[in-house]
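*Asks:* Dropping a prediction and its sequence here:
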Amino acid sequence: MADTSGRIERRGLMLVLSSPSGAGKTTISRLLLERDNDISLSVSITTRPKRSGEVDGMDYHFLDLTEFNLMLNRRELLEHAKVFDHYYGTPQGAVEEALSSGRDVLFDIDWQGEQQLKQAARNDLASVFILPPSTEELARRLQSRAQDSADVVAARMAKAPDEISHWPEYDYIIVNYDIEDSVAQVQAILAAERLKRERQVGLMDFVKRLREWQ
Ligand code: 5GP
């Protein structure tokens, strides 16, 4: 079957981007979302305090621990994890609806979340791990992010080796030497993943019609 634009109907995919804090993942996500209208961000919930410049409902849904636990107990989260002393989770609601209507969903989540999504929905998932070009560059980027205190920067830097150790659990690895190159690489991954046979659910009918021509 084809959709209204005449394209073969396909199931959406879940694109996970993970990296140690400061490797550039948030910038890459933002640029990807600006440039591709078929993918939208899964807005996580978090108990972490809002940073200056962040918008509730766009960057995260900010809530307290009681509200977080309520959603967790009602089984409204696709995955959840504790990262840097705060809780984060992915609301289930919009995700399946997007996927079944052929729209892709971007997840900016850590390795714990990627593992849970992989267990829940391996066939819908493509995961990308972003590495910094060097430790010095990672430190520089974390320090230049003026929203965080020196303590927070030090804590995130200390956790980087641990986070980086999870790279082999991902489908694709990008070393973020240059933001534009990295965005182009994520776009290339997305383009190829969209063409996977099993995602193109309209192919059976499409090919059947092709073969009926005589
Ligand atoms: P930040 O506090 O800097 O926004 O995010 C800290 C870490 O938590 C990042 O690695 C980010 O990808 C991760 N994170 C954000 N939302 C979620 C989520 O819903 N689930 C999981 N597992 N990790 C998340």
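*Replies:* Looks like it came in fine.
*Asks:* For R141, give me its contacts.
*Replies:* 22-24, 132 (C-beta atoms under 8 Å, 6 or more residues apart in numbering). Where C-beta positions appear, they are placed from N, C-alpha and C, glycine not excepted.
*Asks:* residues of the one helix or strand it maps to that come out buried?
*Replies:* R141 belongs to helix 135-144 when assigned by DSSP states H and E. Buried residues in helix 135-144, defined by neighbour count with 16 or more other C-beta atoms under 10 Å: 138-139, 141-142.
*Asks:* and the closest residue to the ligand within the chain, how many neighbours?
*Replies:* Per C-beta to the nearest ligand atom, G113 is where the chain lies closest to the ligand, at 2.6 Å. Per other C-beta atoms under 10 Å, the neighbour tally for G113 reads 25.
*Asks:* Offset the numbering so it begins at 361, please.
*Replies:* New numbering, starting at 361: the last item is G473.
*Asks:* list the contacts for it?
*Replies:* Contact criterion C-beta under 8 Å, 6+ apart gives 376, 378, 439-441, 448, 450, 467 as the residues in contact with G473.
*Asks:* Let's see that with 6 Å instead.
*Replies:* Contact analysis of G473 by C-beta atoms under 6 Å, 6 or more residues apart in numbering lists 439, 441.
*Asks:* Please give the three-state secondary structure assignment for it.
*Replies:* Judged by DSSP: H, G, I helix; E, B strand; the rest coil, the three-state class of G473 is helix.
*Asks:* Kindly state the pLDDT recorded for it?
*Replies:* For G473, the pLDDT comes out at 98.
*Asks:* ok, the helix holding R501 near the ligand or not?
*Replies:* No: applying C-beta under 6 Å from any ligand atom, one finds helix 495-504 separated from the ligand by no less than 10.1 Å.
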